[in-house]
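1. sharing a model prediction with you, sequence too.
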Amino acid sequence: MNDDFLTRFRRTPPYEFSEALYERITTEMNTQKKSVFRRIMFASALGLALLAALVFSPAAQAAIDRVVRQIGGVNFVGPNEAEANATPLPESQITIVPDEVLSLTEAQAKLPYAVSLPTWVPEGFSLSTTVRISYFGERYTPVDITWSGPDPMVGGILLTVGQPVQWYVDTDHLEEVQINGQSAGLTGGNWNADSGQWSGDDHTLTWMKGDVMYRLSGRLPVEDLIKMAESIP
């Protein structure tokens, strides 16, 4: 299986933001790619670049009127007006965040937390032979685990596991659902940096499993995402 989609279509944020990222982190952007899975992977990196610009922007620092909602121990932070109108960094100001593409066994030996995989996935989806660790400072080293699907219109599934952080989301599209009786945040759509709006039909579940945060994303029915999440031991 060709896993080059793990290393393609990634923009990277400024180097200086690694420690600040622990306090404020974001993903979820719509890059308008044909492949939904590639869009999810690209969105994560580009979203971090946008956040980095906000973290170090005096105007954004001064504008603190935002919505914060906690669900199941996870803090979800909504954008304020300054952030909603922010422009992504130009490529000339973007550097590379260190990461590694390894087998899950190799990655697990490097991670400061244990990773559990779902025992159920939708029919036709296959687990990638490699995972990606990103090093956003010592306190946030998430691992991305992916499944490819049979339908290019649906794309793949992305499971991100890492230390707890707060997520920057559209709180108007945030709702509380249950995973094995535990509260989890469900968000819909992706941030489109070009239009400054949320759009798309992807879904993302975010919840805590002990002291580890799990985040499951894909263009799947919500029922399938929940079933997949509930199968994680």
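-> Ah, there it is. Residues are numbered from 1 along each chain as shown.

2. now do the contacts for Asp99.
-> Going by C-beta atoms under 8 Å, 6 or more residues apart in numbering, Asp99 touches 132-135. Bear in mind the C-beta positions are built from the backbone N, C-alpha and C, glycine included.

3. pull up the pairing partners for the strand ranked longest in the chain, direction included.
-> Secondary structure of the chain per DSSP state E: the longest strand is strand 197-209. Applying DSSP bridges to the sheet, strand 197-209 is found paired with strand 182-192 (antiparallel), strand 212-218 (antiparallel).

4. and the strands in this structure?
-> 25-26, 68-71, 74-77, 99-102, 126-127, 131-134, 143-148, 157-162, 167-168, 174-179, 182-192, 197-209, 212-218.

5. go through those strands and name the closest to Lys110.
-> strand 131-134 (6.4 Å; C-beta to C-beta).

6. got the CA coordinates for that closest one in CSV?
-> Extracted C-alpha coordinates of strand 131-134, given in CSV (Å, rounded to 0.1, in the frame of the first residue of the first chain):
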residue,chain,number,x,y,z
VAL,A,131,1.6,6.6,11.4
ARG,A,132,2.8,10.1,11.8
ILE,A,133,4.2,11.7,15.1
SER,A,134,4.3,15.5,15.1
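
7. ok, and what's touching that strand?
-> For strand 131-134, using C-beta under 8 Å, 6+ apart, the contacting residues are 6, 97-104, 107, 110-111, 141-146.

8. for stretch 114-122, same thing?
-> Contacts for stretch 114-122 (C-beta under 8 Å, 6+ apart): 104, 107-108, 127, 143, 145, 147, 149, 157, 159, 161, 209, 212, 220, 224, 227-229, 231-233.

9. now the buried members of the residues you listed.
-> 104, 107, 127, 143, 145, 147, 149, 157, 159, 161, 209, 212, 220, 224, 227-229, 232 (16 or more other C-beta atoms under 10 Å).

10. returning to what we had before: turn the contacts of Asp99 into CSV, including distance to Gly181, neighbour count and pLDDT.
-> Output for the contacts of Asp99, formatted as CSV (distance: C-beta to C-beta, whole Å; neighbours: other C-beta atoms under 10 Å; pLDDT from 0 to 100):
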residue, distance to Gly181, neighbour count, pLDDT
Arg132, 31, 22, 97
Ile133, 31, 19, 96
Ser134, 31, 20, 94
Tyr135, 34, 14, 93
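
11. would you turn those into JSON lines with distance to Gly188?
-> Listed next are the contacts of Asp99 as JSON lines, based on distance: C-beta to C-beta, whole Å:
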{"residue": "Arg132", "distance to Gly188": "24"}
{"residue": "Ile133", "distance to Gly188": "28"}
{"residue": "Ser134", "distance to Gly188": "24"}
{"residue": "Tyr135", "distance to Gly188": "30"}
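
12. identify, from these, the entry nearest to Gly72.
-> Nearest to Gly72, judged by C-beta to C-beta, of those is Ser134 at 23.4 Å.

13. could you report the separation of the closest residue to that closest one other than its chain neighbours from Val131?
-> Spatial nearest neighbour of Ser134, chain neighbours left out: Asp99 (4.4 Å); criterion: C-beta to C-beta, 6 or more residues apart in numbering. Distance of Asp99 to Val131, computed by C-beta to C-beta, to the nearest Å: 10 Å.

14. for stretch 207-227, buried residues please.
-> So for stretch 207-227, counting by 16+ other C-beta under 10 Å, buried means 207-209, 212-220, 224-227.

15. closest to Gly185 among these?
-> Closest to Gly185, out of all of the buried residues of stretch 207-227 and judged by C-beta to C-beta, is Trp207, at 7.1 Å.

16. my read: that closest one touches Gly185, true?
-> Yes. Assessed by C-beta atoms under 8 Å, Trp207 is found in contact with Gly185 at 7.1 Å.
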